[in-house]
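Asker: Below is the sequence, then the predicted model.
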Amino acid sequence: MSVRSAVLSQFKQVAQEQNKKLAPLSDDLPLSESGLDSLCFAIIVTRLEDALGVDPFTSTEQTEFPVTLADFIRFYEDAAK
Amino acid sequence: MRNVLVTGGSRGLGLGIVRRLAAAGYRAIAVARKESDPLRSALQEAERDHPGSLRFVAFDLAEIDAIPRLVRALRKEFGPIYGLVNNAAVGFDGILALMPTSQIEQLVRVNTLSPIVLTKHVVRSMMADGGGRIVNVASVVGFTGYSGLSVYAATKASIIGFTRSLAREVGRMGVNVNSVAPGFVDTDMTRGLKAEQRQQIERRSALQRLPGIDDVACAVEFLLGDGAKSITGTVLTVDAGNTA
Ligand SMILES: NC(=O)c1ccc[n+]([C@@H]2O[C@H](COP(=O)([O-])OP(=O)(O)OC[C@H]3O[C@@H](n4cnc5c(N)ncnc54)[C@H](OP(=O)(O)O)[C@@H]3O)[C@@H](O)[C@H]2O)c1
């Protein structure tokens, strides 16, 4: 599974589990308008760590959180390299 | 078997906690720097009576940067973590005016920073797995005064504040977070206490004695159990009435 599809499927799954209304997933979607809250992101990051073996927000000195969906995917693509 | 991670599970209160949990049907995973002799006997006993119920993992919790790797390795080896008992701590005493800064740092690192970072990584996986229990071992010294323990007391008070706010943050995700605040108990940590100090604490306690290791272990077991499913964000004091 590509990094992109792993990320997108987690967004959908967690939104469903947490009863959140997910905005249409376009690259320029700001994460703050995705319909997911920070706890949802914590779950997504944990599950992606299990699936992809990386956590770009802990393994590096990373302090900023990505703004858009495309940024979020790029963080993972870079970390998985 | 539900996995419960117990830091400082090699001696003192932590050893009492892992023994009790292993006998109660959990898989207790004791984390400490060294496997002590009493832990070795407990491991043999557990293997005989309840196979798989007690494991030891050597790790120095002062190594903050290695904590994410520890949690990943534990989940890989044992599966989902149901419970976390943040019990490991150091108890240096000394008057503040003379305490070396390195010792102050070590107290804050092992007693406050390390459990917070460990909890960060474990609670994430609990949320992803749909729930869990966290029990933080504080101390009555976190809310009463004891000369010579100001830095230790600061770390223990921090654990209580951490417990309350984290309980609010993760409650929605099915994770309960509580503290246990023991009074003085006879362990390696309190070996430096003089006989007359010990007697004074006994005299000032409602029950005229000190609590035992197993009293604290029972409180932890209760907070991990189904009977405590509606309890979160609280402090359970186990001090034989010393602060009543
Ligand atoms: N005893 C009391 O009267 C009392 C009263 C109130 C609260 N408490 C609290 O109860 C908890 C347990 O205390 P205790 O009396 O059982 O202490 P203890 O007998 O000194 O045991 C401390 C445990 O923590 C472990 N530990 C210490 N530093 C560590 C590190 N850097 N990495 C990994 N493990 C480490 C030790 O194992 P290694 O040395 O092998 O690493 C040991 O298993 C502490 O949180 C303490 O503050 C105790």
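Answerer: Received it, and whenever you're ready, just let me know what you need.
Asker: Point out the residues in chain A that sit beside chain B.
Answerer: Contact residues (Cβ under 8 Å from any Cβ of the partner chain) of chain A with chain B: A:Leu39, A:Ala42, A:Ile43, A:Val45, A:Thr46, A:Arg47, A:Glu49, A:Asp50, A:Asp55, A:Thr58, A:Ser59. Where you see a C-beta, it was placed from the backbone N, CA and C, and this is true even at glycine.
Asker: residues touching the third one, list them.
Answerer: By that I understand A:Ile43. A:Ile43 is in contact with A:Val14, A:Glu17, A:Gln18, B:Arg124, B:Met127, B:Ala128, B:Met173, counting by Cβ atoms under 8 Å, 6 or more residues apart in numbering or on different chains.
Asker: Of the residues of chain A next to chain B, which is the nearest to B:Val235?
Answerer: B:Val235 has its nearest neighbour among the residues of chain A next to chain B in A:Leu39, at 24.2 Å by Cβ to Cβ.
Asker: Could you count how many residues lie near the residue lying closest to B:Leu39 once chain neighbours are set aside?
Answerer: In space, and not counting its chain neighbours, B:Leu39 is closest to B:Ser10: 4.5 Å by Cβ to Cβ, 6 or more residues apart in numbering or on different chains. Under the neighbour criterion other Cβ atoms under 10 Å in any protein chain shown, B:Ser10 is assigned a count of 24.
Asker: Where do the helices of the chain begin and end?
Answerer: Unless you meant another one, I'm taking chain A. Using DSSP state H, the helices found in chain A span residues A:3-17, A:38-52, A:69-80.
Asker: that's the other chain; I wanted chain B
Answerer: Counting by DSSP H, the helices of chain B are B:12-23, B:37-49, B:67-78, B:101-108, B:114-129, B:150-170, B:195-203, B:213-224.
Asker: how about those, which one is nearest the ligand?
Answerer: When those are ranked by proximity to the ligand, the top entry is helix B:12-23, at 2.3 Å, counting by Cβ to the nearest ligand atom.
Asker: Run through the neighbouring helices and strands of that closest one.
Answerer: Secondary-structure packing of helix B:12-23 (3 or more Cβ pairs under 8 Å, 6 or more residues apart in numbering or on different chains; DSSP states H and E): strand B:3-7, strand B:27-32, helix B:37-49, strand B:54-58, helix B:213-224.
Asker: pLDDT below threshold where in chain A?
Answerer: Chain A contains residues with pLDDT under 70 at A:59-62.
Asker: circling back: can you select the buried ones among the contacts of A:Ile43 for me in PyMOL?
Answerer: Selection of buried members from those for PyMOL, criterion 16 or more other Cβ atoms under 10 Å in any protein chain shown:
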select buried, (chain A and resi 14+18) or (chain B and resi 124+127+128+173)
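Asker: from what I can see B:Gly148 touches B:Leu98, true?
Answerer: No: with contacts counted by Cβ atoms under 8 Å, B:Gly148 stays clear of B:Leu98, the gap being 10.4 Å.
Asker: More neighbours: which of these two?
Answerer: Neighbours per residue, other Cβ under 10 Å: of B:Gly148 and B:Leu98, the larger number sits with B:Gly148, 14 against 7.
Asker: Tell me the spacing between that one and B:Ile201.
Answerer: Between B:Gly148 and B:Ile201 the computed distance is 14 Å (Cβ to Cβ, to the nearest Å).
Asker: Right, I'll call it a day here.
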